[in-house]
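>>> Quick one: sequence plus predicted model below, questions after.
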Amino acid sequence: MEDRSVQKNSDIIKHPFGPLYDKNSKVLILGSFPSVKSRENNFFYGHPQNRFWKVVAGIFDYPVPASIEEKRKLILENRLALWDSIAECEITGSSDSSIRNAKPNDLSIILNSAKIEKIFTNGKKSHELYSKYIGPVTGMEDVCLPSTSPANAQWSVDRLIEAWSLIRSVTD
């Protein structure tokens, strides 16, 4: 018998904000879907326990950004682009494992405007969704990086920075 408890408390949610990129972006980093905190903040990786901003700042020797403006600057000055694999889904809270009925984002807005050389996915769920729905459309393979989520506790910030440093080889 199927467990419907996850489904009972889930909501169908549309992605509340657009991508962050400019014409100089060379690397696209895709999360899965914004957390509750990110949806509240209307910006990427809004949960204070998510290590994304510490990791990206560590890769590029920047101070860890606090404001949205500092975060935008970190991304754009280092020729990065940010978005998520999912445009709409059914989700319980912020749990990637609860994601159902996912509809993929159309990456053409970024790929037609910037010279993206490489796509990296932040964690297994984003990779799985990219591989299933988006990769066949773009023809670009992604590189799956370990998730910066606090749920991925076996990876320290230092280990994440080491693994994520692959990005720098594309942007240099």
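Received, thanks.
>>> Isn't Gln49 up against Thr148?
No - applying C-beta atoms under 8 Å as the test, Gln49 and Thr148 come out as separate, 9.9 Å apart. Every residue, glycine included, has its C-beta placed from N, CA and C.
>>> who has more neighbours, those two?
Shown here are Gln49 and Thr148; by other C-beta atoms under 10 Å, Thr148 has more neighbours (24 against 10).
>>> all helices for the protein, in order.
Counting by DSSP state H, the chain has helices at residues 5-8, 36-41, 52-59, 68-77, 108-111, 124-129, 135-138, 157-164, 166-171.
>>> tell me which residues in the fifth one are buried?
So that's helix 108-111. Residues of helix 108-111 classed as buried by neighbour count (16 or more other C-beta atoms under 10 Å): 110-111.
>>> Can you check which of the helices of the chain gets nearest to Lys118?
Among the helices of the chain, the nearest to Lys118 by C-beta to C-beta is helix 166-171 (4.7 Å).
>>> returning to that earlier point: which one of the helices of the chain lies closest to Ile99?
Of all the helices of the chain, it is helix 124-129 that lies closest to Ile99, at 6.6 Å by C-beta to C-beta.
>>> average model confidence for the closest one?
Averaged across helix 124-129, the pLDDT comes to 92.
>>> Figure out how far it is from the centre of its chain.
Centroid displacement of helix 124-129 relative to its chain, using C-alpha atoms, centre = their mean, to the nearest Å, is 10 Å.
>>> How about stretch 43-54?
Counting by C-alpha atoms, centre = their mean, stretch 43-54 is centred 10 Å from the centre of its parent chain.
>>> which residues are contacting that stretch?
Outside of stretch 43-54, the residues that reach it under the criterion C-beta atoms under 8 Å, 6 or more residues apart in numbering are 17, 20, 31, 34-40, 64-65, 68, 71, 74, 82, 94, 122, 148-150, 157, 160-161.
>>> And for stretch 110-118?
By C-beta under 8 Å, 6+ apart, the list of residues contacting stretch 110-118 from outside reads 19, 21-28, 81, 83, 138, 140, 143, 167, 170.
>>> let's see 10 Å
For stretch 110-118, contacts defined as C-beta atoms under 10 Å, 6 or more residues apart in numbering pick out 18-30, 79-83, 107, 119, 137-138, 140-143, 166-167, 169-171.
>>> what separates the closest residue to Thr92 other than its chain neighbours from Val157, distance-wise?
With sequence-adjacent residues excluded and distances taken as C-beta to C-beta, 6 or more residues apart in numbering, Thr92 is closest to Ser98, at 3.9 Å. In this view, Ser98 and Val157 are 26 Å apart by C-beta to C-beta, to the nearest Å.
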